[in-house]
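K.L.:
sequence first, then the predicted structure, then my questions.
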Amino acid sequence: MSRVVAGKIFWARPCPRPPIPKTRPRGAKADGLRYEKLVAKAIPEAKHGPWYEFQDINGRGYCQPDLVVVQREGVLVLECKLSNYFEGLQQIERLYKPVLFAAYKRPVYGIVVVKSLRSDIPARIICASLDGARDLLKLTPTGVPVVHWLGRFRAPLSLQEALERKFA
């Protein structure tokens, strides 16, 4: 992860794709993007890959969370990783949560979705479904659960239903 929020965010907003050169991903990066697209397809109510522009004490910055669901009650950001939960956690906590809070002025909740579980992920935060992640967020709203997703959610629960239950 290269960019993190430094100090206070002065402003943040959704934006079109910034003038950053596009490259063709290869290897693990390409595998990760394919996995991200599968997760996005399984959660159609989420915005896939939206861009945000923000300014902090280091100047103007851009970020692109994998999936974002904006609702009146709050914002949910999902970061998809093949196995590195801790990288996704850092991105959510140090970049996406502050930027999305500044952009929408609503609570921001994060979930990391992983394809492969590593032994260093605490068992207490591992969920098999979005429904399980929702329950965990109810208990610890500042935590970031991890959903182990192999290509199909076990419980057919839409993210919309999960958010409605969370905020009920």
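P.N.:
Now that the structure is in, tell me what you want to look at.

K.L.:
just the pLDDT for residue 42.
P.N.:
At residue 42, the pLDDT value in this model is 90.

K.L.:
count the residues that sit near it.
P.N.:
As a burial measure, residue 42 scores 18 neighbours (other Cβ atoms under 10 Å). C-beta coordinates here come from the backbone N, C-alpha and C atoms, glycine included.

K.L.:
list the contacts of the longest helix out of those in the chain.
P.N.:
Counting by DSSP state H, the longest helix found in the chain is helix 27-42. The contact list for helix 27-42 (Cβ atoms under 8 Å, 6 or more residues apart in numbering) reads 25, 46, 48-49, 66-67, 78, 80-82, 113, 115, 149, 151-153.

K.L.:
which parts of it are buried?
P.N.:
32, 35, 36, 38, 39, 40, 42 (16 or more other Cβ atoms under 10 Å).

K.L.:
ok, so of the contacts of helix 27-42, who is nearest residue 7?
P.N.:
Distance to residue 7, by Cβ to Cβ, is smallest for residue 66 among these, at 25.2 Å.

K.L.:
so that closest one makes contact with residue 76?
P.N.:
No. With contact defined as Cβ atoms under 8 Å, residue 66 does not reach residue 76; the gap is 11.5 Å.

K.L.:
before we move on, the earlier item: CA atoms of the longest helix of the chain as PDB?
P.N.:
Output of helix 27-42 as PDB, limited to C-alpha atoms (Å, rounded to 0.1, in the frame of the first residue of the first chain):
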ATOM      1  CA  GLY A  27       0.500 -13.000 -12.400                       C
ATOM      2  CA  ALA A  28      -0.900 -12.700  -8.900                       C
ATOM      3  CA  LYS A  29      -2.100  -9.200  -9.600                       C
ATOM      4  CA  ALA A  30      -4.200 -10.400 -12.500                       C
ATOM      5  CA  ASP A  31      -5.500 -13.300 -10.300                       C
ATOM      6  CA  GLY A  32      -6.500 -10.900  -7.600                       C
ATOM      7  CA  LEU A  33      -8.400  -8.700 -10.100                       C
ATOM      8  CA  ARG A  34     -10.300 -11.700 -11.500                       C
ATOM      9  CA  TYR A  35     -11.200 -12.600  -7.900                       C
ATOM     10  CA  GLU A  36     -12.400  -9.100  -7.200                       C
ATOM     11  CA  LYS A  37     -14.600  -9.100 -10.300                       C
ATOM     12  CA  LEU A  38     -16.200 -12.400  -9.100                       C
ATOM     13  CA  VAL A  39     -17.000 -10.900  -5.700                       C
ATOM     14  CA  ALA A  40     -18.400  -7.700  -7.400                       C
ATOM     15  CA  LYS A  41     -20.600  -9.900  -9.600                       C
ATOM     16  CA  ALA A  42     -21.900 -11.700  -6.500                       C
END
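
K.L.:
nice, that's everything, thank you.
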